[in-house]
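S.K.: predicted model, plus sequence, below.
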Amino acid sequence: MAIFVEQLLNALALAGLLFLVSAGLSLVFGILRVVNFAHGVFYMLGAYLGFTTVAVSGWFWPALLVVPPVVGVVGALLEASTLRFIYRRPPIYQLLLTFGLALILEESVRVLYGPTAKGIDPPPLLEGAIGIAGTLYPRYRLFLIVLSLAVGAAVWLFLQKTRSGLVIRAVAQNSEMADCLGADIARVRTWVFGAACALAGLGGVAAAPMTTAYLGMGIGVIVDAFVVVVIGGLGSIPGSMAGSLIVGAAQTWGAYYLPETAMVIMYAVMGAILIFRPWGLFGEEE
Amino acid sequence: MTILETRGLGRTFGALRAVADVSLRVETGELRALIGPNGAGKTTLFHLISGLLAPTSGQVAFRGDDVTALAAPARCRRGISRTFQITSIFPELSVLENVRIAVQLKAGGNFRLLGGRALLEASERRARDSLGALGLLDRAREPAAMLPHGDQRLLEIAMALAQQPELLLLDEPTQGLSPEDTAATVAVIRRIARERRVTILLVEHDMDVVFDLADRVSVLHFGQLIAEGTPDAIRGNLDVQTAYLGGPE
């Protein structure tokens, strides 16, 4: 029982981080129709900027508040200065561009921070462990679960209940028609790209106390996030949530029971989805 | 007073002259039908008036102002709204959200952070008012895709009407409808024209609908206006009969 609860919480914490990254990846695809290879790098950028903010201020909480908007602005500026000009080109151009951006950002971080990983201490409030169902569980991971649930709810409410949310959903469904009605598509794209990068940045800061900030963490997370959106369906927020839970569970229990084949389980699920429901659990059949 | 005037309006696609030298005047408050055989250029003319297409010659004037250089959204803000020949709704948004997005996109300022609540309520009120006029209010919460085809066409009119246009362009609003739905749509259009004091320009294939609704009829043939007059005059016009109604009987 104790082990099951511990594994369940581990799966949820991992799913939470995956959701913060994959939700943005999915949103960007829904609005911009671009598969953003650079998305993971914004996660890494969040972790490193979090390290700097903690180092400068001596506190964790400011990092959580300041870093996501900064990463969001970086993302929005990059979209407005590069991607914006090639939407009409075939998808391979956008893929190559975002791949190039990923390499440039990754190398920039290496030059600025050096090759060694940077650790962040969790805030004192979240240090240590508490007893749950007979097991001692790290407080910080519980915080990750709560944080990602809160962010997920906030994103969903924003899309469903606000004027901008309605415009974003309309553009995602039929951008041509939204354009005819007078939607400023270019602006919607920049905002959504920035917001998605901010979410990834938030994921990076939140992950850093657990994983440290290290080079390559972006590549690692983007691969998992791709699996999540393939399972859940590109462009769907509930799909990202479901996909994150599935991948989180497959990795956690896989690593526990079948350590040699943990990754295989995740890809097996993805393969099955691709065969039987290629548009994903919550995606749109096209 | 003239609300819409086109002067020598033309549009070519390569060698094809889809619309040629059309000079059309529509008076404020009238219900004008635009008829013509398939391929006569009716939809192209609509695109030129609503701003979806730029003309290759001529001008469009709305309430006396030259709007030829304005794109569709800008003309919409001036007061020209339209529906499309092929049903154009957002299938997964709710019926109410479909109308609200039309209101919001006309009003602009959708990414302003302050005062959002008031703007949201205002656009929702107007959307509900428009849905009420089209008799769709009790289905407001359903996804638009769930509506039967006839109601989807009405929803499109609700979207255009909610933008509070002065000129409403309806592109074949009864296309693909059953006789009952056609009758209902005709009644709705007549009521809108009377109660909302909106000028309507209507492309329509169904001659019964045209002669039933229109104050005046303009006939387009090979991209050119060949006749204009009251429904009775058009019915008796020999040219029109040869071109369109299949020759004198």
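M.R.: Perfect, I can see it now.
S.K.: strands along chain B, start to end?
M.R.: Applying DSSP state E to chain B gives strands spanning B:2-13, B:16-27, B:31-35, B:57-62, B:65-66, B:80-82, B:167-171, B:199-203, B:216-221, B:224-229.
S.K.: which ones are touching the closest residue to chain B within chain A?
M.R.: For chain A, the residue positioned closest to chain B under Cβ to the nearest Cβ is residue A:182, at a distance of 3.1 Å. Any C-beta I mention is one placed from the backbone N, CA and C, and that applies to glycine too. Contacts were defined as Cβ atoms under 8 Å, 6 or more residues apart in numbering or on different chains; by that measure residue A:182 touches B:72-73, B:76-77, B:105-106, B:108.
S.K.: residue A:194 too?
M.R.: With contacts defined as Cβ under 8 Å, 6+ apart, the neighbours of residue A:194 are A:72-73, A:75-76, A:79.
S.K.: any chance of the strands of chain B in a markdown table, plus distance to chain A and mean neighbour count?
M.R.: Listed next are these as a markdown table, based on distance: least, Cβ to the nearest Cβ, whole Å; neighbours: other Cβ atoms under 10 Å in any protein chain shown:
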| stretch | distance to chain A | mean neighbour count |
| --- | --- | --- |
| strand B:2-13 | 18 | 18 |
| strand B:16-27 | 19 | 18 |
| strand B:31-35 | 20 | 24 |
| strand B:57-62 | 16 | 18 |
| strand B:65-66 | 18 | 11 |
| strand B:80-82 | 9 | 26 |
| strand B:167-171 | 12 | 24 |
| strand B:199-203 | 17 | 24 |
| strand B:216-221 | 23 | 22 |
| strand B:224-229 | 26 | 17 |
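S.K.: put together TSV for those, with mean pLDDT on each row.
M.R.: Compiled in TSV, those are given as follows (pLDDT from 0 to 100):
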stretch	mean pLDDT
strand B:2-13	93
strand B:16-27	92
strand B:31-35	93
strand B:57-62	94
strand B:65-66	94
strand B:80-82	90
strand B:167-171	93
strand B:199-203	94
strand B:216-221	92
strand B:224-229	90
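S.K.: reformat those as CSV; add distance to residue B:120.
M.R.: Supplementary listing: those in CSV, determined by distance: least, Cβ to Cβ, whole Å:
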stretch, distance to residue B:120
strand B:2-13, 31
strand B:16-27, 35
strand B:31-35, 34
strand B:57-62, 30
strand B:65-66, 31
strand B:80-82, 21
strand B:167-171, 25
strand B:199-203, 30
strand B:216-221, 41
strand B:224-229, 44
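S.K.: ok, which of those strands comes nearest residue A:210?
M.R.: The stretch from the strands of chain B with the least distance to residue A:210 (Cβ to Cβ) is strand B:80-82; that distance is 53.7 Å.
S.K.: follow-up on the earlier one: per-residue pLDDT of the residue of chain A closest to chain B, please?
M.R.: Reading off the confidence values, residue A:182 has pLDDT 80.
S.K.: run a quick neighbour tally on residue A:96.
M.R.: The number of residues packed near residue A:96 is 13, by other Cβ atoms under 10 Å in any protein chain shown.
S.K.: equivalent analysis for the one 10 residues further on, please.
M.R.: Residues lying near residue A:106 (other Cβ under 10 Å) number 20.
S.K.: state the distance from the nearest residue to it once chain neighbours are set aside to residue A:103.
M.R.: Of all residues beyond its chain neighbours, the one nearest residue A:106 is residue A:41 (5.8 Å), with distances taken as Cβ to Cβ, 6 or more residues apart in numbering or on different chains. When Cβ to Cβ, to the nearest Å is applied, the distance between residue A:41 and residue A:103 equals 9 Å.
S.K.: who's more crowded, those two?
M.R.: Comparing residue A:41 with residue A:103 by other Cβ under 10 Å, the one with more neighbours is residue A:41, at 29 against 12.
S.K.: what about that one, which SS state?
M.R.: Per DSSP: H, G, I helix; E, B strand; the rest coil, the secondary structure class of residue A:41 is helix.
S.K.: thought it was touching residue A:99?
M.R.: No. Taking Cβ atoms under 8 Å as the definition, residue A:41 is not a contact partner of residue A:99, at 10.2 Å.
S.K.: pull the contacting residues for residue B:163.
M.R.: In this structure, residue B:163 makes contact with B:76, B:81, B:102-103, B:106, judged by Cβ under 8 Å, 6+ apart.
S.K.: for the residue lying closest to residue B:72 once chain neighbours are set aside, grab the count of nearby residues.
M.R.: Once flanking residues are discounted, residue B:72 sits nearest to residue B:51: 3.9 Å by Cβ to Cβ, 6+ apart. Neighbours of residue B:51 under the rule other Cβ under 10 Å: 24.
S.K.: surely residue B:51 touches residue B:69?
M.R.: No. Using Cβ under 8 Å as the test, residue B:51 is too far from residue B:69 to be in contact (9.3 Å).
S.K.: can you get me a residue count around residue B:108?
M.R.: The burial count for residue B:108: 13, using other Cβ under 10 Å.
S.K.: show the contacting residues for residue B:57.
M.R.: B:8-11, B:21.
S.K.: mind doing that once more with 7 Å?
M.R.: Residue B:57 sits next to B:8, B:10 when contact means Cβ atoms under 7 Å, 6 or more residues apart in numbering or on different chains.
S.K.: now residue A:43
M.R.: Applying Cβ under 7 Å, 6+ apart, the residues near residue A:43 are A:21, A:200, A:203-204, A:217-218, A:221.
S.K.: same deal with residue A:243?
M.R.: Taking Cβ under 7 Å, 6+ apart as the definition of contact, the neighbours of residue A:243 are A:22, A:228-229, A:231-232.
S.K.: now the spatially closest residue to it that is not a sequence neighbour. Its backbone dihedrals?
M.R.: Using Cβ to Cβ, 6+ apart and skipping residues adjacent in sequence, the residue nearest residue A:243 is residue A:232, 3.0 Å away. The phi and psi values for residue A:232, taken as degrees, to the nearest 10, are phi -80, psi -30.
S.K.: does residue A:232 touch residue A:242 like I think?
M.R.: Yes. Contact criterion Cβ atoms under 7 Å: residue A:232 and residue A:242 qualify, at 5.0 Å.
S.K.: which helices and strands does the helix or strand bottoming out on mean pLDDT in chain A pack with?
M.R.: Evaluated with mean pLDDT, DSSP states H and E, the helix-and-strand set of chain A has its lowest mean pLDDT in helix A:175-181, which scores a mean of 83. Secondary-structure packing of helix A:175-181 (3 or more Cβ pairs under 7 Å, 6 or more residues apart in numbering or on different chains; DSSP states H and E): helix A:185-211, helix B:95-107.
S.K.: so can I have TSV of these showing mean pLDDT and distance to residue A:16?
M.R.: Conversion of these to TSV gives the following (pLDDT from 0 to 100; distance: least, Cβ to Cβ, whole Å):
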stretch	mean pLDDT	distance to residue A:16
helix A:185-211	95	8
helix B:95-107	91	30
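S.K.: how about these in a markdown table, adding distance to residue B:229?
M.R.: A markdown table is the format used below for the helices and strands packed on helix A:175-181 (distance: least, Cβ to Cβ, whole Å):
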| stretch | distance to residue B:229 |
| --- | --- |
| helix A:185-211 | 43 |
| helix B:95-107 | 34 |
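S.K.: what does the pLDDT read for residue A:79?
M.R.: At residue A:79, the model reports a pLDDT of 96.
S.K.: correct me, but it touches residue A:191?
M.R.: No. Using Cβ under 7 Å, residue A:79 is not in contact with residue A:191; the gap is 9.3 Å.
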